[in-house]
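>>> Predicted model follows, preceded by the sequence.
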Amino acid sequence: MTDGDIRRALLQGKQLETEIREVMNPNPVTGLQEEDHHIWQRTMQRHSLRHLPILDTRGRVVDLVQYRIPSEPSRTTPIIIMAGGLGTRLHPLTEDLPKPLIPVGPKPVLETIIENFASQGFENIFLCLNYKGR
């Protein structure tokens, strides 16, 4: 029986006096004590669980493991943005403004691209410029 079982039962209009067997999940997702912790983590990820009861060979709960959020990969990989094209297919928009600075929505497309990489933790962002690259 989990707090989620109780919440779902209350949302369905069940009373607090309702018997547990009516609201509990009779087939919960569990892990086995002899399994590796990586298997437990994959099981929790597959079923979108934050906790997993671990059972011994007799089916008794012997542990409760918590989902470990995978650590972020290193974000030291350099990002190179090719931003030096002539923009000929976008004429007349690119007559006065380089293609990466054309606004898409409220800001230039290049700003949006850089912000997206930065929000993911990338720090080494390089621009390759040519045309109007002053």
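Right, received. Where do you want to start?
>>> low pLDDT regions in this protein?
70-74, 131-134 (pLDDT under 70).
>>> same thing but at 80, please
Along the chain, segments meeting pLDDT under 80 span 68-75, 119, 130-134.
>>> Tell me where it has helices.
Ranges of helices in the chain, per DSSP state H, are 3-11, 20-23, 37-46, 109-119.
>>> who touches the shortest one?
If I follow you right, that is helix 20-23. 1, 5-6, 8-9, 14 (C-beta atoms under 8 Å, 6 or more residues apart in numbering). No exception for glycine: its C-beta is placed from N, CA and C like everyone else's.
>>> What subset of these is buried?
Buried by 16 or more other C-beta atoms under 10 Å: 6, 9, out of the contacts of helix 20-23.
>>> between the contacts of helix 20-23, which is nearest residue 37?
Among the contacts of helix 20-23, residue 1 lies closest to residue 37 (C-beta to C-beta), at 24.7 Å.
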